[in-house]
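S.K.: When you get a sec, could you give me coordinates for this:
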Amino acid sequence: MKKISLLIGILLLLSACGSGMKEPTFEELKDHAYIVESTTEEGVFVNYTSFKYIENVKLRTNQGERIKPTNIKKGSLIWYEDTGEIMESYPMQGTIKQLTLYDDELSRRLEKGIAYFLNDYDMSDFIGVQLVSLEGEELIIQFKDFSKPDEVYFATINVEALKYEVIPQ
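M.R.: Numbers count the residues shown, from 1 in each chain. Below is the predicted model of the structure:
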């Protein structure tokens with residue numbers, strides 16, 4: 001009986017150690033994640049580019065779970081791989097063959113604040129939303145004026161209270 005209990009204990013310990021992926025830090029998200037500015041079932045607008053999905057696009061979470069295009073929302077943090085072909089229109093257009101949705105605790109917390117801001121603030125003239133910094137509950141993102149790309153704006157978003165302030169550079 002002791003051997004069975006020991007074996008079960010070892011199996012539980014091993015499964016607990018391997019069950020979750022390491023959650024990204026804010027710095028890793030800042031360096032690798034893109035903010036979805038708008039989305040449809042056919043694609044996303046992110047990183048100054050309107051992307052369509054290829055026919056058999058691979059959509060997954062950073063935990064490895066399959067997802068559908070409806071799981072990706074305005075404000076979601078993603079990583080993507082495109083086909084490498086970008087049309088030089090403005091905005092640019094491309095095709096995504098693989099997309100990973102960051103779906104860990106930190107990413108969902110940030111997404112909540114970003115989505116609130118993107119849905120509440122008139123972003124019709126702005127583009128290129130990027131993560132800048134996070135201190136406690138205060139997230140700073142930056143974005144640019146669509147018609148004047150040299151004009152940079154910053155938004156400080158309290159991700160818990162869902163309040164924000166926009167500051168031009």
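S.K.: Tell me which residues of the longest strand seen in the chain come out buried.
M.R.: Ranked by residue count and defined by DSSP state E, the top strand of the chain is strand 49-61. By 16 or more other CB atoms under 10 Å, the buried positions in strand 49-61 come out as 49-51, 53, 57, 59, 61. No exception for glycine: its C-beta is placed from N, CA and C like everyone else's.
S.K.: need the residues you listed in TSV with distance to S107 and pLDDT, can you?
M.R.: Formatted as TSV, the buried residues of strand 49-61 follow (distance: CB to CB, whole Å; pLDDT from 0 to 100):
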residue	distance to S107	pLDDT
T49	21	93
S50	23	95
F51	20	96
Y53	21	96
V57	20	95
L59	15	97
T61	9	97
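S.K.: Most widely separated two among those?
M.R.: Within these, S50 and T61 form the most distant pair, 23.0 Å apart (CB to CB).
S.K.: Return the distance of stretch 136-148 from the chain's centre.
M.R.: Centroid separation for stretch 136-148 versus its chain: 14 Å, with CA atoms, centre = their mean, to the nearest Å.
S.K.: what's that stretch in contact with?
M.R.: Residues from elsewhere that reach stretch 136-148 (CB atoms under 8 Å, 6 or more residues apart in numbering): 35, 110, 113-114, 117, 123, 125-134, 150-161.
S.K.: can you give me the strands in the chain?
M.R.: Using DSSP E, strands in the chain cover 34-35, 38-39, 43-46, 49-61, 77-82, 92-101, 126-135, 138-145, 152-158, 163-168.
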